[in-house]
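Peer 1: sequence and predicted structure are below.
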Amino acid sequence: MSQARLMQGNEACAEGAMAAGVNFFGGYPITPSTEIAEIMAKELPALGGTFIQMEDEIAGIAVVLGAALAGRKALTATSGPGFSLKQELIGYGCIAEIPLVIANVQRMGPATGQPTSPAQGDVMQARWGTHGDHPMIALSPWTVRESFDVAVMAVNYAERFRTPVIILLDEVVGHMREKVVLPKAEDIEIYPRRKPNCTREEGYKPYTPMADLVPNPADFGTGHHIHVTGLIHDETGFPTGSSKVTEDTIQRLHQKISRVQDEITHYDEFFMEDAEYAVLTYGGTARTAYAAVKMARQQGIKVGMVRLMTIWPFADKVIKKVAQKVKKILVPEMNYGQLVLEVERAAAGQAAVISLPKYNTEIFTPKEICTAIEELATEVVK
Amino acid sequence: MQQIRLCGSGGQGVITAAIILAEAAIMEGKESVQSQSYGPEARGGASKAEVIISEEFIYHPKVVTPDVVLALTQQAADKYSADLCDNGVLVIDEDLVPDSPEHPNVIKVPLTRLAVEGLGKDLFTNIVSLGLLVKVTGVVSFETIQKSVAKRVPPATIEKNMQALRIGFDALA
Amino acid sequence: MRSYEKYFRMNRLPHIWCPGCGNGIVMKSIAKAAEQLGLDQDNTVIVSGIGCSSRASGYMNFDTLHTAHGRAIPFATGIKLANPKLKVIVITGDGDCTAIGGNHFIHGARRNIDLTVILFNNNIYGMTGGQASPLTPTGKKATTAPFGSVDTAFDPCELAKAAGASYIARGTAFHAKPLVDLIAQGISNNGFSLVEAITQCPISYGRRNKMGDAAGMLKWMSENAVPLAAYEKLAEEQKGDKFPIGVLYQKTAPEYSAEYAKVIKLAQGGK
């Protein structure tokens, strides 16, 4: 183990990405994500990597898509307004199957909103922000150490599934500093860039799916002369108007993720053994929820907590099990009520789902969530 | 658990002071969380930094009821000291907070003036304040805060910063 | 087999362009420039945006990337910086490059990054049926300018020059042979190169503006394109529709990926 040190969430995210092999960063500065760009600007060249500040948010994602196609592991970072601008090219990454990590440090919107205030308002945008259908992987850390781990995981998933992966930080975790002990480099598993399984002469087709439904498009500059497009394409990589290929492609994009959904659903449970009520939480809010659950436990309320690290794909099975066990599920979020809709859907009426939204620039206090838990426990279930 | 809030105006270095304090706590093997909130201004405007120090992992990352509030401007004192607990301590720069908020335990020290008189620059006010905070709270040892300051500041300024810490520490008998 | 055919993916032809379209002439000029330079197909990447001309990438036998509308230059920037030994050629159209991609175009030029941008200028959004672009001349008709465009058109060459590009040339589909040389020189320039290739869109532009068929539009090019030296000698009242062709501007300036290599060296402790 390395030494304990004080570290910021954004810094841990940058360090984690580099530890996982990221050697290219492109982006546009935006509060509260800018520290990630600043750290990359300072540290990447010493590693032989490349940093470039682009002219706008769209160029910020385009440049990393280009770099990823030319063989680099690439990261961009942004916040709400920039995340909105990047959506078209996130979709491009999905259809062209380009490994890419986007760190989105959420701030309060809509529009310029409250630029330095925390929020969790991009949860649905992370899933549905682009046009068309494709799956999405989004991971939301709740500690500084986990910001490092999630960055490593995001880079690995991007490579393994050849898809954009979103690190859904919030201003609370991104900007707070806390004690961390980072893992040693040799203890970090790195998923290598996938390689073509045969040569051009042997009939290589860059978009032929392998057994895991993920193709192995060659990096540019390796002699394979591949064609990459945002149009629907067949195994050769060239566009086609075929209805069958279109349908099969959209299905395969979903199935390459859904087939590993259980494996990539990461979550924690606390005090759930005898729980009659549950708090379902994620990101920075989960820290406050934990303090609140402990306060409620001290009052004798049998309440537990489920903390999602994987936000997308949504943890349907986890929620279903929780809903079968408890009477009510409380969902505190720093937004007007977003992920609660998914919880309701997955709970499917097995437990009452109660939204606890907050959208006034301030984070929850433990007392606020504890009071809501007390209300759960005293109200009669309708 | 100790909950400490440092506030002032952007540019007075309260965030840096909070980071140094949190790093000192970690050097002593404790858990520590540091956070801040600020307005859009790079300089000026109210700036608030918080440090929580505990023997156990800290979940809720913000100060709920501060044990100590250090305020370097009147605006910050008015805005950020109301939730101080009754047996807590309010530390103010007596020149810059002429109208002290009502509290049973107020420590008044001319922090900025001490920095200017002792070191020739108000730039050291935050480190003078750190010395005083360590004296008031005892949350870390004087030796540890010295080490922590030395790690953060530019090497050429270490000596002056050590003097600043001492001035703050000795400001209270 | 003709000698430049190895630069085409023959199994992807014929192309989708309309009869009379000038894009094929410009695309062939790129292939012939590649042949002239002996470009290594394994180390050359063609990047295009969205539009008629941007379909060219799919027909050319290199690593090729058909990006999103307007974004070819930042994608190409990523490729070049990720692997500076690659030659990167950008194929784009007037709408793609100067409207939705205008910001990227000027910043690519500002960085003087080693990309060769071949701007197929047909003065119109052809693929979607003839909407006005920033290079549609004032007064010309488009489906979105049915009474004639009231906008003032850009001069993309002047724009690139002001922004910092180090090689700027203009050619036409009529002057196909010189166009090959202009493109080859652009690819050879170590920096941001713009080759504006005037090309005809008889279907969505010429017809609507009474410019005749493809032959008529090519004739217009032959009559109005004037080599730079001759153009400069024209009196203002002689200029009319006339425009200069040839190498319009050249300078030596630091190239971005080479400059960044110095940053890496510096960060790694070198001098």
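Peer 2: Great, that's in hand. Quick caveat: nothing in here was measured; it's all calculated off a predicted structure.
Peer 1: how much space separates residue C:230 from residue C:245?
Peer 2: In this view, residue C:230 and residue C:245 are 10 Å apart by C-beta to C-beta, to the nearest Å. All C-beta atoms are positioned from the backbone trio N, CA, C, and that covers glycine.
Peer 1: please say which of these two ends up with more neighbours.
Peer 2: Counted by other C-beta atoms under 10 Å in any protein chain shown, residue C:230 and residue C:245 do not tie: residue C:245 has more neighbours, with 25 against 12.
Peer 1: quickly list what that one is bridged to.
Peer 2: Listed beta-bridge partners, residue C:245: residue C:227 (assigned using DSSP bridges).
Peer 1: was I right about it contacting residue C:173?
Peer 2: No - Residue C:245 is not in contact with residue C:173 according to C-beta atoms under 8 Å; the separation is 11.4 Å.
Peer 1: just give the closest residue to the closest residue to chain A within the stretch 151-271 of chain C, not the sequence neighbours.
Peer 2: Relative to chain A, the nearest point of the stretch 151-271 of chain C is residue C:267 (3.6 Å; C-beta to the nearest C-beta). Counting by C-beta to C-beta, 6 or more residues apart in numbering or on different chains, residue A:45 is the residue found nearest to residue C:267 once chain neighbours are left out, at 3.6 Å.
Peer 1: now whichever residue of the stretch 101-250 of chain C sits closest to chain B: which helix or strand?
Peer 2: With C-beta to the nearest C-beta, the shortest gap between the stretch 101-250 of chain C and chain B falls at residue C:103, namely 25.0 Å. Residue C:103 belongs to helix C:102-111 when elements are defined using DSSP states H and E.
Peer 1: so what secondary structure elements neighbour that helix?
Peer 2: Packing partners of helix C:102-111 (3 or more C-beta pairs under 8 Å, 6 or more residues apart in numbering or on different chains; DSSP states H and E): helix A:57-69, helix C:72-82, helix C:156-163.
Peer 1: wait, which of those helices is closest to chain B?
Peer 2: helix A:57-69 (19.4 Å).
Peer 1: what's in contact with the next helix or strand after that closest one?
Peer 2: From helix A:57-69 onward toward the C-terminus, using DSSP H and E, the following helix or strand is strand A:74-78. Counting by C-beta atoms under 8 Å, 6 or more residues apart in numbering or on different chains, strand A:74-78 makes contact with A:10, A:13, A:17, A:22, A:24-28, A:30, A:33, A:36-37, A:40, A:57, A:60-61, A:64-65, A:67-68, A:86, A:99-105, A:155, C:78, C:82, all of which sit outside it.
Peer 1: mind listing the helices for chain B?
Peer 2: B:14-27, B:74-80, B:111-119, B:125-137, B:142-152, B:158-170 (DSSP state H).
Peer 1: buried residues in the fifth one, which are they?
Peer 2: In other words, helix B:142-152. For helix B:142-152, the neighbour count (16 or more other C-beta atoms under 10 Å in any protein chain shown) marks B:144, B:145, B:146, B:148, B:149, B:150 as buried.
Peer 1: pull the residues that contact it.
Peer 2: B:16, B:19-21, B:23-24, B:27-28, B:127, B:130-131, B:134-135, B:140, B:158, B:161-162, B:165, B:169.
Peer 1: which of the residues you listed are close to chain A?
Peer 2: Among those, the ones lying near chain A by C-beta under 8 Å from any C-beta of the partner chain are B:19, B:23.
Peer 1: show me where the stretch 1-150 of chain A has its helices.
Peer 2: A:9-19, A:34-43, A:57-69, A:80-85, A:87-96, A:123-128, A:144-161 (DSSP state H, counting those that start in this stretch).
Peer 1: hmm, stretch A:138-156 touching chain B?
Peer 2: No - counting by C-beta under 8 Å from any C-beta, chain B is not contacted by stretch A:138-156; separation bottoms out at 8.7 Å.
Peer 1: the inter-axis angle of the helix holding residue C:103 versus helix C:156-163?
Peer 2: 50 degrees (axes from the mean of the first three to the mean of the last three C-alpha atoms, to 10 degrees).
Peer 1: average pLDDT for helix C:102-111?
Peer 2: For helix C:102-111, mean pLDDT rounds to 98.
Peer 1: give me the contact list for the helix or strand following it.
Peer 2: Next helix or strand after helix C:102-111 toward the C-terminus (DSSP H and E): strand C:116-121. Under the criterion C-beta under 8 Å, 6+ apart, residues C:22-23, C:26, C:30, C:52-53, C:56, C:73, C:87-94, C:97-98, C:105, C:108, C:135, C:156, C:183, C:186-187, C:189, C:192-199 lie in contact with strand C:116-121.
Peer 1: what's the spacing between strand C:116-121 and its chain's center?
Peer 2: 1 Å (C-alpha atoms, centre = their mean, to the nearest Å).
Peer 1: center of chain A - which residue?
Peer 2: Nearest to the geometric centre of chain A sits residue A:138, at 2.2 Å (C-alpha atoms, centre = their mean).
Peer 1: how close does it get to residue A:128?
Peer 2: Distance from residue A:138 to residue A:128, by C-beta to C-beta: 11 Å.
Peer 1: what about residue A:222, which SS state?
Peer 2: Assigned state for residue A:222: coil (three-state reduction, DSSP: H, G, I helix; E, B strand; the rest coil).
Peer 1: let me see the contact set for it.
Peer 2: A:71, A:196, C:42.
Peer 1: can I have the buried ones of those as a PyMOL selection?
Peer 2: Provided next is the PyMOL selection string for whichever of those are buried by 16+ other C-beta under 10 Å:
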select buried, chain A and resi 71+196
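Peer 1: need the contacts of residue A:222 in CSV (columns: distance to chain B and pLDDT).
Peer 2: Formatted as CSV, the contacts of residue A:222 follow (distance: C-beta to the nearest C-beta, whole Å; pLDDT from 0 to 100):
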residue, distance to chain B, pLDDT
A:71, 38, 98
A:196, 46, 97
C:42, 49, 97
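Peer 1: so which of the contacts of residue A:222 is the closest to residue B:77?
Peer 2: Among those, residue A:71 lies closest to residue B:77 (C-beta to C-beta), at 56.1 Å.
Peer 1: give me the pLDDT for the nearest residue to the closest one once chain neighbours are set aside.
Peer 2: Leaving aside its sequence neighbours, residue A:71 sits nearest to residue A:219 (C-beta to C-beta, 6+ apart; 3.8 Å). With respect to pLDDT, residue A:219 has a value of 98.
Peer 1: mind listing what the nearest residue to residue B:17 once chain neighbours are set aside touches?
Peer 2: Using C-beta to C-beta, 6+ apart and skipping residues adjacent in sequence, the residue nearest residue B:17 is residue B:126, 4.2 Å away. Shown in contact with residue B:126 (C-beta under 8 Å, 6+ apart): B:12, B:13, B:14, B:16, B:17.
Peer 1: check contacts around the fourth one.
Peer 2: Spelled out, it's residue B:16. Counted by C-beta under 8 Å, 6+ apart, residue B:16 has contacts B:126, B:152.
Peer 1: circling back: report the two of the buried residues of helix B:142-152 separated the most.
Peer 2: B:144 and B:150 (10.7 Å).
Peer 1: number of nearby residues for the residue of chain B found nearest chain C?
Peer 2: Nearest to chain C, among the residues of chain B, is residue B:155, at 18.9 Å (C-beta to the nearest C-beta). For residue B:155, the count of nearby residues is 7 (other C-beta under 10 Å).
Peer 1: run through who's touching the helix or strand of chain B with the lowest mean pLDDT.
Peer 2: Here the helix or strand of chain B ranked lowest by mean pLDDT, DSSP states H and E is strand B:31-38, holding a mean of 92. With contacts defined as C-beta under 8 Å, 6+ apart, strand B:31-38 is touched by A:6, A:116, A:172, A:175-179, B:10, B:15, B:18-19, B:21-23, B:25-26, B:45-58, B:61-62.
Peer 1: buried among the contacts of helix B:142-152? Make that a PyMOL selection.
Peer 2: Restricted to buried positions by 16+ other C-beta under 10 Å, the PyMOL selection for the contacts of helix B:142-152 reads:
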select buried, chain B and resi 16+19+20+21+23+24+27+28+127+130+131+134+135+140+161+162+165+169
